[in-house]
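**Q** predicted model, plus sequence, below.
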Amino acid sequence: MQTTYYFDHAATTPMHPAVAEEMLRIMQGTGGNPSSMHAYGRAAKQLIARARDTIAAAIGSKSAEIVFTSGGTEGDNMAIIGAIRAMARKGRRHIVTSAAEHHAVLHTCEWLVEEGFSVTVLPVDEYGRVSPKDVANAMTPETGLVTIMHANNEVGTLNQVLEIGWIVKDAGALFHVDAVQSFALTEYAMSESPIDLMTLSAHKINGPQGVGALYIANGTPFEPLAHGGSQERKRRAGTENVAGIAGFAKAVDICVNNRKEKQHLLEHLRKEWIDKLSRLEGVPIVVNGHPTDRLPHIANISFIGIDTETMLMNLDMEGIAAASGSACTSGALERSHVLRAMNLSEERLLSAVRFSFGLGNTMEELEGAAQKVATIAARIRTTV
Ligand SMILES: Cc1ncc(COP(=O)(O)O)c(C=O)c1O
């Protein structure tokens with residue numbers, strides 16, 4: 001069955017038609033290697049330079065501080081491994097992170113422990129927030145890096161990254177922020193911020209999959225992961241994904257120009273969705289995540305008494321695409337490490353579903369989708 005309702009924009013977003021058009025235009029051209037000296041190469045290089053300027057302007061950084069990557073996972077890996085290896089040369093081998101980070105951060109930190117680094121994993125509160133005080137208490141003279149996400153991808157809660165960042169600066173460590181989910185909806189002014197490294201991903205903002213960027217502030221100690229070419233000022237070797245990078249920049253352009261309206265629409269959609277589900281009879285729900293310090297497009301909802309997997313399968317059968325939180329990579333549903341870190345009751349943990357809204361969603365869709373949820377809930381209750 002074709003999906004009628006796509007409510008999984010935190011997993012990935014549909015490409016904006018103007019992005020697809022721009023990429024197609026580039027892919028249908030001759031497409032030189034940006035490192036080549038000839039005219040084709042220079043044209044490709046110029047496309048990358050323009051894209052770099054666009055992304056830098058969008059976050060208030062210098063163009064030279066943007067490194068193109070293959071997306072959020074690579075950006076997180078590069079930032080954490082690249083920064084801590086450089087800081088280790090100064091005797092700083094300790095990392096601080098939180099229990100609610102994306103696996104691209106948590107698994108990288110776990111791997112670094114095997115490599116001889118030490119890691120402190122901070123707890124989060126019932127909304128998924130890291131306490132700046134906890135960060136301050138975790139800092140030691142050996143701390144080289146603190147990595148905390150701006151917005152949580154499962155519940156949408158925002159961390160106080162600026163407050164945390166100044167604490168980290170005072171302790172002489174580097175600060176990395178995973179801004180993959182918040183980027184489209186937040187104004188950043190990197191040149192005035194305490195953030196040294198920040199991860200971005202194109203496919204969460206209606207750009208192409210497999211492209212992203214890592215902001216690395218000028219002067220940040222950093223060791224590259226990839227070797228074998230001088231691309232990206234030797235910070236990431238390899239021939240660039242020219243069409244993808246240009247598509248990313250186009251998506252950023254569209255985002256920046258429509259940020260306020262988008263925010264407003266998403267807030268409306270989320271509120272209306274929660275209101276509609278709250279009014280359904282016999283479907284008790286609890287909303288997870290912070291009520292106000294949050295992204296507008298993610299609604300993490302526990303359908304008390306209905307298992308997440310059962311709900312997701314039924315939603316899928318009715319043409320509604322939602323998620324359990326982080327995208328499922330193993331084929332089997334893993335219980336959310338984020339909700340567990342938030343210390344939610346088992347009944348909330350085992351029944352949570354993430355709905356996330358974005359381009360193409362309308363208020364009109366919500367009524368039909370809510371009716372389907374009511375039908376599903378009634379069906380499940382009569383069969384258990
Ligand atoms: C917070 C966060 N970080 C990192 C990633 C990984 O990004 P990508 O899919 O571009 O590798 C995601 C994707 O879900 C995310 O939500």
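**A** In hand now; what should we look at? Residues are numbered from 1 along each chain as shown.
**Q** now do the helices in the stretch 101-250 of the chain.
**A** Ranges of helices within the stretch 101-250 of the chain are 103-114, 132-138, 161-170, 242-257, based on DSSP state H, counting those that start in this stretch.
**Q** most tightly packed of the ones you listed?
**A** helix 242-257 (a mean of 23; mean count of other Cβ atoms under 10 Å). C-betas here are computed from N, CA, C, even on glycine.
**Q** can you tell me if that one touches the ligand.
**A** No - taking Cβ under 6 Å from any ligand atom as the criterion, helix 242-257 and the ligand are apart, separated by no less than 10.9 Å.
**Q** ok, Val180 - how many residues close by?
**A** For Val180, the count of nearby residues is 28 (other Cβ atoms under 10 Å).
**Q** so it versus the ligand, what's the distance?
**A** 4 Å (Cβ to the nearest ligand atom, to the nearest Å).
**Q** show me what contacts the residue nearest to that residue when sequence neighbours are not counted?
**A** Spatial nearest neighbour of Val180, excluding adjacent residues (Cβ to Cβ, 6 or more residues apart in numbering): Gly72 at 4.1 Å. By Cβ atoms under 8 Å, 6 or more residues apart in numbering, Gly72 lies in contact with His102, Ala104, Asp178, Val180, Thr199, Leu200, Ser201, Lys204, Gly212.
**Q** tell me what the third one is bridged to.
**A** Read it as Asp178. Beta bridges link Asp178 to Met149, Thr199 when assigned by DSSP bridges.
**Q** wait, it sits on Thr108?
**A** No - counting by Cβ atoms under 8 Å, Asp178 sits too far from Thr108 to count as a contact (10.8 Å).
**Q** so for the two, which residues contact both of them?
**A** By Cβ under 8 Å, 6+ apart, Asp178 and Thr108 have these common neighbours: Asp76.
**Q** I'd like the average pLDDT over stretch 279-295.
**A** Averaging pLDDT along stretch 279-295 gives 94.
**Q** contacts for it next, please.
**A** For stretch 279-295, the surrounding residues in contact (Cβ under 8 Å, 6+ apart) are 127-129, 151-152, 154-158, 181-182, 185, 274, 277-278, 298-305, 339, 342, 344, 348, 352, 370, 373-374, 377-378, 381.
**Q** what's the answer for stretch 6-15, then?
**A** 153-154, 156, 181, 203-209, 247, 251, 297-298, 320-323, 327, 354-361, 369.
**Q** now with 7 Å?
**A** By Cβ atoms under 7 Å, 6 or more residues apart in numbering, the surrounding residues in contact with stretch 6-15 are 153, 181, 203-209, 297-298, 320-323, 327, 354-360.
**Q** drop anything exposed from those.
**A** 153, 181, 203-208, 297-298, 320-323, 354-359 (16 or more other Cβ atoms under 10 Å).
**Q** from the residues you listed, which ones fall inside strands?
**A** Ile298, Ile320, Ala321, Arg354, Phe355, Ser356 (DSSP state E).
**Q** how much space between the last one and Leu185?
**A** When distance is defined by Cβ to Cβ, to the nearest Å, Ser356 is 12 Å away from Leu185.
**Q** one more: the fourth one?
**A** Shown here: Arg354 relative to Leu185, a distance of 16 Å by Cβ to Cβ.
**Q** what's the answer for the third one, then?
**A** When Cβ to Cβ is the yardstick, Ala321 and Leu185 sit 21 Å from each other.
**Q** residues of the chain that sit close to the ligand?
**A** So far as Cβ under 6 Å from any ligand atom goes, the chain lies against the ligand at 71-73, 76, 102, 104, 149, 153, 178, 180-181, 201, 203, 212, 327.
**Q** next, count neighbours for Ala43.
**A** 17.
**Q** got it, and Glu142?
**A** 16.
**Q** what's near enough to touch it?
**A** If a contact means Cβ under 7 Å, 6+ apart, then Glu142 has Gly91, Arg92, Arg93, His94 as its contacts.
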